[in-house]
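In: Turn this into a structure:
(one chain, ligands or ions: 2)
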Amino acid sequence: MSVVYERVALIGLGLIAGSMAHAMRAHGLAGHVAGYARSSETRETARRIHLCDSIHDSAAEAVKDADLVVLAVPVRAMAEVAEAIAPYLKPGATVTDVGSVKRSVIEAVGPHIPEGVHFIPGHPLAGTEHSGPLSGFASLFQNRWWLLTPTEGTDPAALARLQDLIRGMGANTEDMEAGHHDLVLAVTSHVPHLIAYTMVGVADHLRRVTESEVIKYSAAGFRDFTRIAASDPTMWRDVFLENTDATLDILGRFTEELFVLQRAIRMGDGQHLHDYFTRTRAIRRGIIEAGQDTDAADFGRSAGTKQADGKG
Ligand SMILES: NC(=O)c1ccc[n+]([C@@H]2O[C@H](COP(=O)([O-])OP(=O)(O)OC[C@H]3O[C@@H](n4cnc5c(N)ncnc54)[C@H](O)[C@@H]3O)[C@@H](O)[C@H]2O)c1
Ligand SMILES: O=C(O)C(=O)C[C@]1(C(=O)O)C=C[C@@H](O)C=C1
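Out: Ligands and ions are numbered 1, 2, ... in the order given. Predicted structure coming up:
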């Protein structure tokens, strides 16, 4: 691969920025990667492990002369960072973000982006429950989707260059309207996380009440819930506070369905339960047959990519 951007600045040095740093280095996609994180502890860790070519003590310094600036902080911190770097952005540079919510980030960041700088929001659909500067790894984006939410006014050349970087890191990229992104992700990621958090909370409560060992002897399905529920609390607090409408819409539909299933169980309606589970199994099999589940072909992935956690 050849260099796509001479100089890239990563703001926030956690799982996603760290994985980008590793992937760009592994594939030779950036001439120089500069990094900044708010906490001095994170910056020290990043220096110690040579996560980037240079680590700076201010975001302003990090973005100086950068051709691409990546905002990789929790979604509620995006505006503050955008405001801090705005005066130091190079004319013609591109700013992107990796936030899990798009509409509110665009509203918060967009107004700070100066004339002559391209803003192309994005979201890699890849992650783990780990966070911090030690958690990143080069293959995180391999065969994953990376959605971009350009608008009609987005410069085609700037967009094509960002797509080149994303593909260079092994991901597939598609464009999506920001509001639609937020609805789709509420279904596929945000509400499932909330359900996992809730279920682990319920089990923990039960454990205390009964002194039984629900968590110790949990089976595979529940263990997956506990993995997801170990995800970063700041990141997920921000996701729910910034994707409120879509999350509440999907959560409403979810609870309606749950009540129907609850009633079927109470009434002993085995036919309803069997029909429902047959339908959901067909959906899963359809996904696999369409080749859209990369994990199904690479089943050991999550176990093989466990990383030591680091503080963000
Ligand atoms: N973790 C995932 O699975 C995942 C996947 C896709 C996208 N995202 C999104 O990517 C972004 C980063 O997530 P992550 O998992 O890398 O988080 P992380 O917690 O691993 O890292 C976040 C980094 O941001 C820094 N930070 C926090 N507030 C800051 C501020 N005000 N100024 C500068 N730095 C600040 C922290 O010090 C840390 O280094 C979030 O917006 C998240 O929604 C996460
Ligand atoms: O695999 C995980 O741990 C994830 O939760 C990753 C996941 C997801 O829901 O798929 C989480 C949030 C992101 O915005 C994108 C990806």
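
In: any idea which helix or strand comes after the longest helix anywhere in the chain?
Out: Of all segments of type helix in the chain, defined using DSSP state H, the longest is helix 244-267. Per DSSP states H and E, the first helix or strand lying C-terminal to helix 244-267 is helix 270-289.

In: What residues of that following helix count as buried?
Out: Using 16 or more other CB atoms under 10 Å as the test for burial, helix 270-289 gives no buried residues. (Glycine included, C-beta is placed from N, CA and C.)

In: can you map out the strands along the protein?
Out: Under the criterion DSSP state E, strands of the chain are mapped to 5-11, 30-36, 54-55, 68-71, 94-97, 118-119, 122-124, 145-148, 172-175.

In: What is the least confident helix or strand in this structure?
Out: Least confident helix or strand of the chain, by mean pLDDT, DSSP states H and E, is helix 301-304 with a mean of 35.

In: ok, the spatially most central residue of the chain - contacts?
Out: In the chain, the residue lying closest to the centroid (CA atoms, centre = their mean) is S100, at 5.0 Å. Under the criterion of CB atoms under 8 Å, 6 or more residues apart in numbering, the contact partners of S100 comprise 75, 123, 185, 189-190, 235, 239, 243.

In: now swap in H272 and tell me
Out: Applying CB under 8 Å, 6+ apart, we find H272 in contact with 260-261, 264.

In: Name the residues of this protein found near ligand 1, please.
Out: Contact residues, the chain versus ligand 1 (CB under 6 Å from any ligand atom): 11-17, 37-39, 42, 72-75, 77, 80-81, 98-100, 123-124, 127, 131-132, 232, 235, 239, 312.

In: Could you tell me which of the residues you listed count as buried?
Out: Among the residues of the chain next to ligand 1, those classed as buried by 16+ other CB under 10 Å are 11-17, 37-38, 42, 72-75, 77, 81, 98-100, 123-124, 127, 131-132, 232, 235, 239, 312.

In: filter those by proximity to ligand 2?
Out: Counting by CB under 6 Å from any ligand atom, the subset of those that neighbours ligand 2 consists of 100, 127.

In: now, which of the buried ones among the residues of the chain next to ligand 1 lie within helices?
Out: 15-17, 42, 81, 235, 239.

In: would you turn these into a markdown table with distance to H27?
Out: A markdown table is the format used below for those (distance: CB to CB, whole Å):
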| residue | distance to H27 |
| --- | --- |
| L15 | 18 |
| I16 | 16 |
| A17 | 16 |
| T42 | 24 |
| V81 | 26 |
| M235 | 26 |
| V239 | 29 |
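
In: Report the two of the residues you listed separated the most.
Out: Using CB to CB, the two most remote members of those are T42 and V239, lying 20.6 Å apart.

In: quick one: low-confidence parts of the stretch 101-250 of the chain?
Out: The model of the stretch 101-250 of the chain has pLDDT under 70 over residues 207-216.

In: Residue of the stretch 151-300 of the chain closest to ligand 2, please.
Out: Using CB to the nearest ligand atom, S189 is the residue of the stretch 151-300 of the chain that sits closest to ligand 2, at 3.2 Å.

In: Please tell me how far that residue sits from M235.
Out: Here the distance between S189 and M235 works out to 12 Å (CB to CB, to the nearest Å).

In: who's in contact with the residue nearest to M235 when sequence neighbours are not counted?
Out: Of all residues not flanking M235 in the chain, P74 sits nearest, at 5.1 Å (CB to CB, 6 or more residues apart in numbering). With contact taken as CB under 8 Å, 6+ apart, P74 is in contact with 12, 232, 234-235, 238.

In: Which one of those residues is nearest to ligand 1?
Out: Using CB to the nearest ligand atom, those come closest to ligand 1 at G12, 3.0 Å.

In: The closest one touches V69, doesn't it?
Out: No - using CB atoms under 8 Å, G12 makes no contact with V69, being 11.1 Å away.

In: What is the burial count for S58?
Out: By other CB atoms under 10 Å, 12 other residues sit near S58.

In: can you tell me how far the closest residue to it other than its chain neighbours sits from A66?
Out: Nearest residue to S58, sequence neighbours excluded (CB to CB, 6+ apart): Y36, at 6.7 Å. Using CB to CB, Y36 is found at 11 Å from A66.

In: Mutual contacts of the two, please.
Out: Joint contacts of Y36 and A66 (CB under 8 Å, 6+ apart) are A9.

In: Quick check: residues of the stretch 201-312 of the chain near ligand 2?
Out: Counting by CB under 6 Å from any ligand atom, the stretch 201-312 of the chain comes close to ligand 2 at I228.

In: one step back: how many other residues sit next to the residue of the stretch 151-300 of the chain closest to ligand 2?
Out: S189: 17 neighbours (other CB under 10 Å).

In: ok, now which ones touch it?
Out: Residues in contact with S189 (CB under 8 Å, 6+ apart) are 100, 125.

In: quick one: it from H112, how far?
Out: With distances taken as CB to CB, S189 is found 26 Å from H112.
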